[in-house]
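Engineer: pasting a predicted model and its sequence here:
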Amino acid sequence: ENFEGIYMDLSRQPGRCRFNASGMGWRPVDGEMRMLVNSEIASAQWSRAAKGYEVKIITRTMGIVQLDGFEQDDFDRVKAALKSYYKVNLEHREHALKGWNWGKAEFSKQELHFNVANKPAFEIPFSEVSNSNLAGKNEIAVEFATTENLVGGRTKKNTAAVDQLVEMRFYVPGTAKRGEGEDGASDAEGEDMSAATLFYDTLKEKADIGEIAGDTFATFLDILFLTPRGRYDIDMYESSFRLRGKTYDYKIQFENVKKFFLLQKPDEVHSLIVIGLEPPLRQGQTKYPFLVMQFKKEEDMDFDLNIAPETLKEKYGDRLQMHYENPAYRVVSDIFKGLTGKRITIPSKDFVSHHQQSGVKCSLKANEGHLFFLDKAFLFVPKPAKFVPFERVSHVTLSRVGGSVSASRTFDVTVTMKGGEGEYQFNNINREEQPSLEEFFKIKNLKIKNDLVDDASALLASALDDDDMDDEDVAAARADRGSADEDEESVDEDFQADSESDVAEEYDSAHESSGSDGSEAGGDAGGNDDDDEDMQDAP
């Protein structure tokens with residue numbers, strides 16, 4: 001049986017579909033034939049779809065195959081062909097049209113069915129699920145794949161366009177028993193647990209979000225992540241790695257790893273491993289294009305890979321070893337490098353800070369962090385992590401904002417991008433780093449605009465704030481301001497003298513009993529200036 005104008009797996013181009021005894025085939029107008037052997041066809045469903053009517057074929061090992069574009073009159077022909085060639089009955093299914101957003105979720109072998117009033121509202125193929133996590137006490141977030149290739153040879157539907165559904169959330173209230181709805185399990189024997197947790201665990205198992213423990217090549221426990229913040233266990237597989245946290249669970253393909261950095265923090269205590277992802281990791285509405293891990297330099301690790309020696313030698317050669325015994329950050333970075341095949345980028349040797357470090361402490365907007373200088377880019381970590389290639393930089397501006405004491409000891413570096421892409425302002429860099437930065441910018445042929453102008457008031461404030469300066473130096477600094485200090489000082493002294501005298505008289509414990517003495521003192525004060533000076537000093 002031949003059918004024209006059929007779309008396979010939501011393809012953009014139609015093609016010819018053919019059913020015969022050996023299996024099913026589909027060929028687009030200008031493309032290669034796609035085949036499905038008869039032994040793979042397990043069941044089939046007929047329902048209304050986007051371009052007419054759809055035949056959904058559930059295979060034994062290859063997921064779901066969707067054939068869209070049939071006419072209503074084609075039902076009998078398709079049913080007869082499937083019955084004759086594959087001994088499969090074509091089931092007619094009507095979708096729920098009530099528009100309700102509440103119903104019952106059921107897990108089949110290949111799909112998650114959301115039923116409303118005992119009719120399917122929509123289905124989610126497990127092959128399309130890339131990640132899932134508990135977004136709340138009763139809420140599960142399901143993320144859909146946005147890349148072409150998935151784990152295990154699964155391929156994403158070739159309909160990726162400008163707009164694409166990337167996440168769906170389910171609210172699952174109440175409690176349930178583990179094993180409820182699963183084959184071979186008894187409700188009475190299952191333990192009580194949150195229905196949302198059961199939904200989440202079942203989806204992870206069905207969608208293969210986390211492979212079984214025996215397939216892991218390496219597992220690192222309780223690794224501190226600065227971005228996204230928290231502690232995660234890392235499971236590493238042949239083509240992906242998984243982050244397991246208390247709330248979130250992610251699976252990331254090695255092919256999504258685009259950049260890899262190993263950095264030494266200027267505090268001389270910690271090391272950072274930074275992984276650049278494309279597409280970025282998503283946590284709700286927040287995107288994380290960089291993962292930032294932090295390790296203590298003194299922490300050592302003794303580690304053995306879970307790989308057969310012949311497999312290690314055949315697939316990875318010298319990129320991996322069976323045994324590692326090094327600092328923890330070095331072991332993790334070496335294993336990541338071996339499995340991903342990505343080159344590790346380290347800071348440029350052309351930059352050495354005033355304290356002999358490869359980065360400087362600064363802040364980006366309200367976030368404190370460290371700015372590292374690579375051979376071809378700037379990198380600010382941990383949050384928000386920013387990677388700024390030199391080839392996109394128009395010029396660099398050195399400036400100081402305000403005239404306060406802190407401003408006199410720090411300066412700002414503003415990186416202006418080409419083509420009106422905006423700018424990045426790195427604030428509060430120690431003034432001692434200025435010569436090193438200027439030298440680095442010159443080596444990398446970056447245009448420098450220097451707006452650092454010494455402000456007299458800022459210098460004076462800095463001088464007055466310096467505890468090591470003696471009185472002569474302070475007096476010399478004040479002399480630069482002319483007679484302004486003298487006038488202000490005389491006025492302040494007169495005011496303080498009066499106020500101190502009034503307070504002393506009013507609150508003196510012997511004030512009433514020494515009234516006669518006070519009058520005599522007042523008379524003496526009118527005739528003797530020296531006595532007056534003695535009285536002023538007494539309180």
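Structural biologist: Alright, I've got the coordinates. Numbers count the residues shown, from 1 in each chain.
Engineer: average model confidence for the host helix or strand of residue 222?
Structural biologist: Residue 222 is part of strand 218-227, with elements assigned from DSSP states H and E. Per-residue pLDDT values over strand 218-227 give a mean of 91.
Engineer: can you check what angle separates whichever helix or strand comes after it from strand 218-227?
Structural biologist: Tracing the chain C-terminally past strand 218-227 and defining elements by DSSP H and E, one meets strand 230-236 next. Direction vectors for strand 230-236 and strand 218-227, defined by axes from the mean of the first three to the mean of the last three Cα atoms, to 10 degrees, enclose an angle of 150 degrees.
Engineer: in strand 230-236, what counts as buried?
Structural biologist: The neighbour-count criterion (16 or more other Cβ atoms under 10 Å) identifies 232, 234-236 as the buried residues of strand 230-236. Every C-beta, even on glycine, is put in place using the N, C-alpha and C of the backbone.
Engineer: and that strand, average pLDDT?
Structural biologist: Model confidence over strand 230-236 averages 91 on the pLDDT scale.
Engineer: how far does that strand sit from its chain's centre?
Structural biologist: Distance of strand 230-236 from its chain centroid, counting by Cα atoms, centre = their mean, to the nearest Å, is 14 Å.
Engineer: for it, C-alpha coordinates in CSV please.
Structural biologist: Extracted C-alpha coordinates of strand 230-236, given in CSV (Å, rounded to 0.1, in the frame of the first residue of the first chain):
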residue,chain,number,x,y,z
GLY,A,230,24.9,23.8,45.8
ARG,A,231,26.5,20.5,46.2
TYR,A,232,26.1,17.8,43.6
ASP,A,233,27.2,14.3,42.9
ILE,A,234,28.7,13.8,39.5
ASP,A,235,28.1,10.6,37.5
MET,A,236,30.2,10.3,34.4
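Engineer: what's that strand in contact with?
Structural biologist: Counting by Cβ atoms under 8 Å, 6 or more residues apart in numbering, the neighbours of strand 230-236 from elsewhere in the structure are 210-211, 213, 216-225, 241-248, 332, 335-336, 339.
Engineer: next, residue 18: secondary structure please.
Structural biologist: Here residue 18 is recorded as strand under DSSP: H, G, I helix; E, B strand; the rest coil.
Engineer: and it, how far is that from residue 36?
Structural biologist: When Cβ to Cβ, to the nearest Å is applied, the distance between residue 18 and residue 36 equals 11 Å.
Engineer: ok, of the buried residues of strand 230-236, which one's closest to residue 426?
Structural biologist: Nearest to residue 426 among those: residue 232, at 28.6 Å, using Cβ to Cβ.
Engineer: kindly state the beta-bridge partners for the closest one.
Structural biologist: Applying DSSP bridges to residue 232 yields these beta-bridge partners: residue 223.
Engineer: now swap in the one 4 residues further on and tell me
Structural biologist: Here residue 236 sits in beta bridges with residue 218, residue 241, as judged by DSSP bridges.
Engineer: repeat that for residue 253.
Structural biologist: In this structure, residue 253 has beta-bridge partners residue 240, where bridges are defined by DSSP bridges.
Engineer: what is the neighbour count of it?
Structural biologist: 18 (other Cβ atoms under 10 Å).
Engineer: the one 3 residues further on too?
Structural biologist: Applying other Cβ under 10 Å, we find 17 other residues in the vicinity of residue 256.
Engineer: from residue 242, how far off is it?
Structural biologist: Applying Cβ to Cβ to residue 256 and residue 242 gives a distance of 13 Å.
Engineer: now do the helices in the protein.
Structural biologist: Secondary structure of the chain (DSSP state H): helices located at 75-86, 195-206, 309-311, 328-340, 405-409, 434-443, 456-465, 471-479, 484-507, 515-527, 529-537.
Engineer: next, count neighbours for residue 22.
Structural biologist: Residues within reach of residue 22, counting by other Cβ under 10 Å, total 12.
Engineer: what about this protein, any weak spots by pLDDT?
Structural biologist: Low-confidence segments of the chain, defined by pLDDT under 70, span residues 146-162, 179-190, 209-215, 401-408, 453-539.
Engineer: just want the angle from the strand ranked longest in the chain to helix 328-340.
Structural biologist: The longest strand of the chain (DSSP state E) is strand 270-283. Angle between the axes of strand 270-283 and helix 328-340 is 50 degrees (criterion: the same axes, to 10 degrees).
Engineer: summarise which helices and strands strand 270-283 is packed against.
Structural biologist: Contacting strand 270-283 under the criterion 3 or more Cβ pairs under 8 Å, 6 or more residues apart in numbering; DSSP states H and E are the following elements: strand 249-253, strand 257-264, strand 286-296, helix 328-340, strand 377-381.
Engineer: only the buried residues of stretch 242-260, if you could.
Structural biologist: Along stretch 242-260, the positions that meet the burial threshold by neighbour count (16+ other Cβ under 10 Å) are 242-244, 248-254, 256-257, 259-260.
Engineer: my bad, should have said stretch 111-127
Structural biologist: 111-112, 114-116, 120-121, 123-127.
Engineer: adding distance to residue 439, write these out as JSON lines.
Structural biologist: As requested, those are arranged in JSON lines below (distance: Cβ to Cβ, whole Å):
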{"residue": "111", "distance to residue 439": "61"}
{"residue": "112", "distance to residue 439": "59"}
{"residue": "114", "distance to residue 439": "62"}
{"residue": "115", "distance to residue 439": "68"}
{"residue": "116", "distance to residue 439": "68"}
{"residue": "120", "distance to residue 439": "67"}
{"residue": "121", "distance to residue 439": "65"}
{"residue": "123", "distance to residue 439": "62"}
{"residue": "124", "distance to residue 439": "57"}
{"residue": "125", "distance to residue 439": "57"}
{"residue": "126", "distance to residue 439": "56"}
{"residue": "127", "distance to residue 439": "54"}
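Engineer: quick check: the farthest pair among these?
Structural biologist: Based on Cβ to Cβ, the longest span within those runs between 116 and 127 and measures 23.6 Å.
Engineer: residue contacts, the closest residue to residue 299 other than its chain neighbours?
Structural biologist: Across the structure, with Cβ to Cβ, 6 or more residues apart in numbering as the measure, the residue nearest residue 299 apart from its sequence neighbours is residue 328 (4.5 Å). Going by Cβ under 8 Å, 6+ apart, residue 328 touches 295-296, 299-301.
Engineer: can you do 10 Å?
Structural biologist: For residue 328, the contact set (Cβ atoms under 10 Å, 6 or more residues apart in numbering) comprises 220, 223, 271, 273, 293, 295-303.
Engineer: could those go into TSV alongside distance to residue 348 and neighbour count?
Structural biologist: TSV is the format used below for the contacts of residue 328 (distance: Cβ to Cβ, whole Å; neighbours: other Cβ atoms under 10 Å):
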residue	distance to residue 348	neighbour count
220	29	19
223	27	17
271	17	20
273	18	22
293	21	23
295	22	21
296	25	13
297	20	16
298	26	9
299	26	12
300	28	12
301	28	15
302	32	10
303	30	18
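Engineer: check these against residue 392 and report the nearest one.
Structural biologist: Relative to residue 392, the closest of the contacts of residue 328 is residue 273; by Cβ to Cβ it sits at 24.7 Å.
Engineer: what's near enough to touch the closest one?
Structural biologist: Applying Cβ under 10 Å, 6+ apart, we find residue 273 in contact with 223, 225, 260-263, 291-295, 328-330, 332-333, 336, 344.
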